[in-house]
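Asker: sequence first, predicted model second:
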Protein chains: 4
Amino acid sequence: MKEIEQSILKETIKVRSNNSFKGTYGKIALVGGNQNFGGAIIMSSLGSVYSGAGLTTTLTDKNNQSSLHSWLPEAMFADYKNTTEMIKLLENMDVITIGTGLGTDENGLTILKTVLKTVKPNQILIIDGSAIDLIAKYQLQLPKAKLIFTPHQMEWQRLSGIKIKDQTEKNNLIAYKKLFKNSIVIVKSHRTQIYTKNGVYQNTTGTPAQATGGMGDTLAGIIGGFVAQFKDTENAVLAAVYTHSAIADILAKKQYVVLPHQISEFLPKFMKDNEA
Amino acid sequence: MKEIEQSILKETIKVRSNNSFKGTYGKIALVGGNQNFGGAIIMSSLGSVYSGAGLTTTLTDKNNQSSLHSWLPEAMFADYKNTTEMIKLLENMDVITIGTGLGTDENGLTILKTVLKTVKPNQILIIDGSAIDLIAKYQLQLPKAKLIFTPHQMEWQRLSGIKIKDQTEKNNLIAYKKLFKNSIVIVKSHRTQIYTKNGVYQNTTGTPAQATGGMGDTLAGIIGGFVAQFKDTENAVLAAVYTHSAIADILAKKQYVVLPHQISEFLPKFMKDNEA
Amino acid sequence: MKEIEQSILKETIKVRSNNSFKGTYGKIALVGGNQNFGGAIIMSSLGSVYSGAGLTTTLTDKNNQSSLHSWLPEAMFADYKNTTEMIKLLENMDVITIGTGLGTDENGLTILKTVLKTVKPNQILIIDGSAIDLIAKYQLQLPKAKLIFTPHQMEWQRLSGIKIKDQTEKNNLIAYKKLFKNSIVIVKSHRTQIYTKNGVYQNTTGTPAQATGGMGDTLAGIIGGFVAQFKDTENAVLAAVYTHSAIADILAKKQYVVLPHQISEFLPKFMKDNEA
Amino acid sequence: MKEIEQSILKETIKVRSNNSFKGTYGKIALVGGNQNFGGAIIMSSLGSVYSGAGLTTTLTDKNNQSSLHSWLPEAMFADYKNTTEMIKLLENMDVITIGTGLGTDENGLTILKTVLKTVKPNQILIIDGSAIDLIAKYQLQLPKAKLIFTPHQMEWQRLSGIKIKDQTEKNNLIAYKKLFKNSIVIVKSHRTQIYTKNGVYQNTTGTPAQATGGMGDTLAGIIGGFVAQFKDTENAVLAAVYTHSAIADILAKKQYVVLPHQISEFLPKFMKDNEA
């Protein structure tokens, strides 16, 4: 298992070209946030926008429109129950995240299925939160696309069948190769591990000050923002995971608890300080 | 009567273990906030999240969803009129607060009764604001649970029958032992007193700059966040009461009035500065 | 005409007594903000809460509830179309402001009439914005209460019949004595004048950086907060007018334009720096 | 082609006269923001208010009212589907912007047509975003008014028929003179060009950190705020374009990405630092 080192930042976060425009940095759709978990998709959207994705669209329950825009006028809104509009929007995306705060009820399942059916091979699909649970529960078929999974340990258990206590590198790798080959799987814990076709990586940043609701939602958004912008998807994922917790480490020097939205708001400065 | 000293902070606010995760810091539900008093449950939720509770769920009127998430995407939302959902959510909680901005009308009474019926012996139930008034008015039976009451002096009068001018330590202690034995009762005033099975404590922090609406709502949330995280419930309560006003003391050096939400936002720094 | 001097601040902004509680600093209701002008009543509420009123309740259109609480969880909300509730709430107030962002249509007139009918002699009533226009237009009878009017020059023309170009101190004083004796009238301009039974005062603070929408709304709220807290109503008004523009003067040193909400947010520091 | 130099700032941003009032700085209406793109009109409104327009009214979908006021109580709201009210409001404006986040569907077309029909020769009309697309698509007749167009390169292609690769100064100028004589056309790119009856100008500020959604919306609002305040419309436009990107240059020294709303919030300080 390789450790993710700070050098991943300069390898990934390139100085932006003067000739670039917002299209250069990718179009991303974040799909999730039901009537209960609207905050989750807001936090995820913050991660995407503040990390520098070119264009962020949030597809969520219409009850979340107002609070989304209270945080982020920069994100476009669409009602995720409007299937026709959703399909049309998704077709133009470079990156899609599905599942953050989506919920595991009938509504969540319907929306997930639409996304899985719509996504295309050249698109990156980040499968997060409730989407992982639903895929595990209903044994949904995975689409042909560039897949990134972001399970925490319990979700990984549901997905892989490996109990948390048995989640050794060896066992995880067997399951990864059997079930998720060519995907990237991020098993979140206090020292998150990342399985890719090129190897297994362990994050070296992170603090217990992060142990609060919404951290994973934020991470999904940052990953989305990074893979939308940076062409080497594997490096982008490693850098996103490192960045998310490295910011928490900085903030935790002066804070007993670090709130997820604070991490996102710190992204522009952190990325500037660590660009190539 | 013992004075609460600054040392309670280091005794309570432990350095977080590297192996911890959000579940370690407790699940808390805050139930309250009707159509008029939505701000109260927002302020309480701010206290809970910013003090570091692991997972905060706010059960309130659906009119408050948007403003709740405008302040706090970190808090999950549920409609407190959806009884089935509420009961299901409450069953998984470590801590429940009931009554903040709830109102004393029929709706408030119905919700309070549901909470009182649902709470289990191993859960901590913080009884605040309107819930105190309703319990006093309708002589509702108290559930078997770890109870914490947060009356101000007038609410304590309604609860104990002791008029404000007669609320001496001695009289309060008699009522406490007769009616609330094994509970913790926090009688709020400019020098708040706390009655526990181990003794009577008086707070030593606080400033008249705090004399503005919403301070009590904020305190209820901070108490919730502290008892969710810190295993010694009595110490957690003492530390929460001390912290709430100690932060006000700091802010009041530069502010004529201290707003409740400012206290919550200062919690992460204060707790870091005063951890063990 | 006397100039309002800085000394009014220390004469008015008393060091708060340790024995005080929120009731000590007054209960204030702000009535206004229709579907178009919700921002006005929010700005006014910010002025009230940030200046330290004990308890602030905002009675406004229900469409403004969410944005009000997004700024100010400290303010309670009530629907100003619920007449029964409004009357009940108003009865308990020390101070009422009426007219900020109210609008001059049928709805505004109905609400104004309810307030004028409900207010009692011992209450302070601040008559602002649309309420001034409506009173002038419909020649509404003024209630027996401690009245404070806050017209800008055009509203003063409508109220007094004196054209702006003729609004000399002498003419204004004649109208004041004839029509508004025992009231306080604040004629707003870049050098605001205040007419009271004790004399005529001119403000000495203020900057063209304040020349932007919402300044008057904010002033109405600050006046409300000051008269709710400070017992000498005339001095409280003078100090509020001075404070509102003195803060703008400070901010304008570094800002080309000063936004109304920034003035309110600066109040706690300014008042601390200038307390007795 | 002339370069816009820093001197444009002092030539434009005059020290405000002590005798001025909010009317001095212009009345502006921003029309746009449908159910999906509410954030766009919020960002535009931020640009208008923070640059110092005297009175800003935002006409948008009613779903955007709450989030608009969560950012900006200073902006008045009107429902852009209420045609009667819109026409009445527009008649009193000095400046109107149309199209920001409007959408190109039937609803957008209807609203655009109403604006085009209502605007008067002495008013400044800024045609932005969807309005440009709709005018190009339906070959709508342009009204007699002081027109300012803000197309990005693709929108300019639709408007002028010149493909992006052929958008040389020479070709653009021919189209400008033929189609938009006496108007101002701002062709946005990483080095924005401005065509006026007096010449062609190229902006000299700007950074790839700006390459994110919402930048154009913000620029439209700043242009609106500048032309509302500063009497020389051409200079005001040049100064607005320069300012928008000069602020981004400053923020980009410490940020990898600059968010649109951060640019608006920095306006008061930047304008003070660069006033005459």
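Answerer: Sure thing, it's come through.
Asker: A helix includes A:Ala136, no?
Answerer: Yes: under DSSP: H, G, I helix; E, B strand; the rest coil, A:Ala136 falls within a helix.
Asker: count the residues that sit near the closest residue to it other than its chain neighbours.
Answerer: Nearest residue to A:Ala136 in three dimensions, chain neighbours excluded: A:Arg158, at 3.9 Å (CB to CB, 6 or more residues apart in numbering or on different chains). The way it works is simple: take the backbone N, C-alpha and C, and place the C-beta from them, glycine included. A:Arg158 is flanked by 15 other residues according to other CB atoms under 10 Å in any protein chain shown.
Asker: tell me the contacts of the spatially closest residue to A:Gln153 that is not a sequence neighbour?
Answerer: Among residues not flanking A:Gln153 along the chain, A:Ile164 sits closest, at 4.8 Å (CB to CB, 6+ apart). Residues counted as contacts of A:Ile164 (CB atoms under 8 Å, 6 or more residues apart in numbering or on different chains) are A:153-154, A:156-157.
Asker: A:Gly32 too?
Answerer: A:40-41, A:44, A:59-60, A:80, A:97-102, A:128-131.
Asker: chain C contacts on the stretch 51-200 of chain A?
Answerer: By the rule CB under 8 Å from any CB of the partner chain, the part of the stretch 51-200 of chain A lying against chain C is A:66, A:70.
Asker: shaky segments in the stretch 51-200 of chain A?
Answerer: Applying pLDDT under 70 to the stretch 51-200 of chain A flags no residue at all.
Asker: which residue ranges of the stretch 51-200 of chain A form helices?
Answerer: A:65-71, A:83-91, A:106-118, A:130-138, A:153-160, A:169-179 (DSSP state H, counting those that start in this stretch).
Asker: using a markdown table, lay out these together with distance to D:Glu169.
Answerer: Listed next are the helices of the stretch 51-200 of chain A as a markdown table, based on distance: least, CB to CB, whole Å:
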| stretch | distance to D:Glu169 |
| --- | --- |
| helix A:65-71 | 38 |
| helix A:83-91 | 36 |
| helix A:106-118 | 43 |
| helix A:130-138 | 50 |
| helix A:153-160 | 57 |
| helix A:169-179 | 56 |
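Asker: deepest of those helices, which one?
Answerer: When you average the neighbours per residue for each of those (mean count of other CB atoms under 10 Å in any protein chain shown), helix A:65-71 leads with a mean of 28.
Asker: that helix and chain B in contact?
Answerer: Yes: with CB under 8 Å from any CB as the measure, helix A:65-71 is seen reaching chain B through A:66-67, A:70-71.
Asker: could I get these as JSON lines with distance to chain D?
Answerer: What follows is those, written out as JSON lines (distance: CB to the nearest CB, whole Å):
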{"residue": "A:Ser66", "distance to chain D": "4"}
{"residue": "A:Ser67", "distance to chain D": "8"}
{"residue": "A:Ser70", "distance to chain D": "4"}
{"residue": "A:Trp71", "distance to chain D": "9"}
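Asker: which of the three states applies to the residue nearest the centre of chain A?
Answerer: A centroid search over chain A (CA atoms, centre = their mean) returns A:Ala220, at 1.9 Å, as the residue closest to the centre. Secondary structure, three-state DSSP: A:Ala220 is helix.
Asker: separation between A:Val257 and A:Lys165?
Answerer: Per CB to CB, to the nearest Å, A:Val257 is found 28 Å from A:Lys165.
Asker: when those two are compared, which one has more neighbours?
Answerer: Shown here are A:Val257 and A:Lys165; by other CB under 10 Å, A:Val257 has more neighbours (28 against 8).
Asker: flag every residue of the stretch 151-276 of chain A that's near chain B.
Answerer: A:189-190, A:207-209, A:211-215, A:252-261.
Asker: repeat that with 10 Å
Answerer: For the stretch 151-276 of chain A, the residues in contact with chain B (CB under 10 Å from any CB of the partner chain) are A:152-154, A:188-191, A:206-218, A:251-262, A:264.
Asker: now, which of the residues you listed lie within helices?
Answerer: Secondary structure from DSSP state H places A:153-154, A:215-218, A:251-252, A:260-262, A:264 of those in helices.
Asker: those residues, buried ones only, as a PyMOL selection?
Answerer: Listed next is the PyMOL selection for buried residues among those, using 16 or more other CB atoms under 10 Å in any protein chain shown:
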select buried, chain A and resi 153+215+216+217+218+251+252+260+261+262+264
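Asker: dump the ones in helices among the residues of the stretch 151-276 of chain A next to chain B into JSON lines; add distance to C:Lys113 as well.
Answerer: What follows is these, written out as JSON lines (distance: CB to CB, whole Å):
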{"residue": "A:Gln153", "distance to C:Lys113": "64"}
{"residue": "A:Met154", "distance to C:Lys113": "61"}
{"residue": "A:Met215", "distance to C:Lys113": "54"}
{"residue": "A:Gly216", "distance to C:Lys113": "55"}
{"residue": "A:Asp217", "distance to C:Lys113": "50"}
{"residue": "A:Thr218", "distance to C:Lys113": "51"}
{"residue": "A:Leu251", "distance to C:Lys113": "54"}
{"residue": "A:Ala252", "distance to C:Lys113": "57"}
{"residue": "A:Pro260", "distance to C:Lys113": "49"}
{"residue": "A:His261", "distance to C:Lys113": "45"}
{"residue": "A:Gln262", "distance to C:Lys113": "48"}
{"residue": "A:Ser264", "distance to C:Lys113": "49"}
